[in-house]
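Quick one: sequence plus predicted model below, questions after.
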Amino acid sequence: MRMGHATVERTKTRTRYPMATPDEKVEQFIAQLEEAFKDVPEVVLQEGARSVVEYLKGQRSLANMFNITPDMQRFMVEQGYNQMKTGRYEDAERIFRVLTFLDWNNSYYHSVHASTLQQQKKYGEAVAEYGEAIKLNPKDIVSLVNRAEIFLIHGHVPYAQHDLNQALTCTDIDEPEWLDRAKKLKERIAKALGSDQSDKDAGGDKPAKKGKKGER
């Protein structure tokens, strides 16, 4: 027997659940916290609250809050480098992304994380990470030169020149390889700009005159 739509609607039973208000949800959450921490000593709660406040003020890292020791972080760095050496940049990226999350104020972590992104041609993310590294350490010559290379790839010559000029002021950093790299990039830019200017001076940007009929 086939029932009509109205008959089906009449046979349905509806169960209504009371909806908690936002204030009631907050009260429930607080009650759950109080129950969970009722046996925790007051001194421990105070230390935990102080840690959260210091983290929010940027005075404490997540690594410190979670008791992730420097040795553990060094082990993660080593693992990340091993992944990079074998060309497993995605795996290396995941490791250094975690490290930057654990210690956001570590410029070195941001710089290496950016390098893993650059290797994967994730240029936008890489520029952002190099930016964080440079903000934390204005003399991070590696980040400056690498970011300049990304700018050059996308034709942002003034930005690249700015980074390279900044890199060349890092003469007190024992990084001769990166200083030399910055100089060579500057020379390439100067040569390219000089060549463009020579073409313009020689009328290279003007359309060629057509020859007479029959001429090549």
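Arrived safely, thanks for sending.

Tell me where the longest helix sits in this protein.
Scanning the chain for the longest helix, with DSSP state H as the assignment, gives helix 176-201.

how about it: buried residues?
With burial defined by 16 or more other CB atoms under 10 Å, the residues of helix 176-201 counted as buried are 178-179, 181-182, 185-186, 189. To be clear about C-beta, it is placed using only N, CA and C from the backbone, and glycine gets the same treatment.

a markdown table for the residues you listed, including distance to residue 136 and pLDDT?
Below are the buried residues of helix 176-201 laid out as a markdown table (distance: CB to CB, whole Å; pLDDT from 0 to 100):
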| residue | distance to residue 136 | pLDDT |
| --- | --- | --- |
| 178 | 18 | 97 |
| 179 | 21 | 96 |
| 181 | 22 | 97 |
| 182 | 20 | 97 |
| 185 | 23 | 97 |
| 186 | 25 | 96 |
| 189 | 27 | 95 |
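
that older thread, what packs against the longest helix of the chain?
If you count contacts as 3 or more CB pairs under 8 Å, 6 or more residues apart in numbering; DSSP states H and E, helix 176-201 packs onto helix 141-153, helix 157-167.

Those: which one's closest to residue 27?
Among the helices and strands packed on helix 176-201, the nearest to residue 27 by CB to CB is helix 141-153 (48.4 Å).

got the buried residues of helix 176-201 as a markdown table, with distance to residue 78 columns?
Below are the buried residues of helix 176-201 laid out as a markdown table (distance: CB to CB, whole Å):
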| residue | distance to residue 78 |
| --- | --- |
| 178 | 22 |
| 179 | 27 |
| 181 | 25 |
| 182 | 28 |
| 185 | 30 |
| 186 | 34 |
| 189 | 36 |
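
per-residue confidence at residue 171?
For residue 171, the pLDDT comes out at 89.

which stretches of this structure form strands?
For the chain, no strands are identified by DSSP state E.

low-confidence ranges in it?
Scanning the chain for pLDDT under 70 picks out 1-20, 33, 37, 40, 43-62, 195-216.

And it, what are its domain boundaries?
As assigned by automatic domain parsing, the chain contains the domains 45-137, 138-200.

got those as a markdown table, with distance to residue 35 columns?
Below are the domains of the chain laid out as a markdown table (distance: least, CB to CB, whole Å):
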| stretch | distance to residue 35 |
| --- | --- |
| domain 45-137 | 14 |
| domain 138-200 | 48 |
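
what number of residues lie near residue 169?
13 (other CB atoms under 10 Å).

Equivalent analysis for residue 134, please.
Using other CB under 10 Å, the number of residues around residue 134 comes to 22.

same deal with residue 109?
Under the neighbour criterion other CB under 10 Å, residue 109 is assigned a count of 27.

Quick check, it in contact with residue 103.
Yes - in terms of CB atoms under 8 Å, residue 109 counts as a neighbour of residue 103; the distance is 6.2 Å.

can you count the residues close to residue 165?
Residues lying near residue 165 (other CB under 10 Å) number 13.

residue contacts, it?
Counting by CB atoms under 8 Å, 6 or more residues apart in numbering, residue 165 touches residue 186.

Mind putting the helices and strands packed on helix 176-201 into TSV with distance to residue 124?
Shown next, in TSV, are these (distance: least, CB to CB, whole Å):
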stretch	distance to residue 124
helix 141-153	9
helix 157-167	14
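
This completes my enquiry, with thanks.
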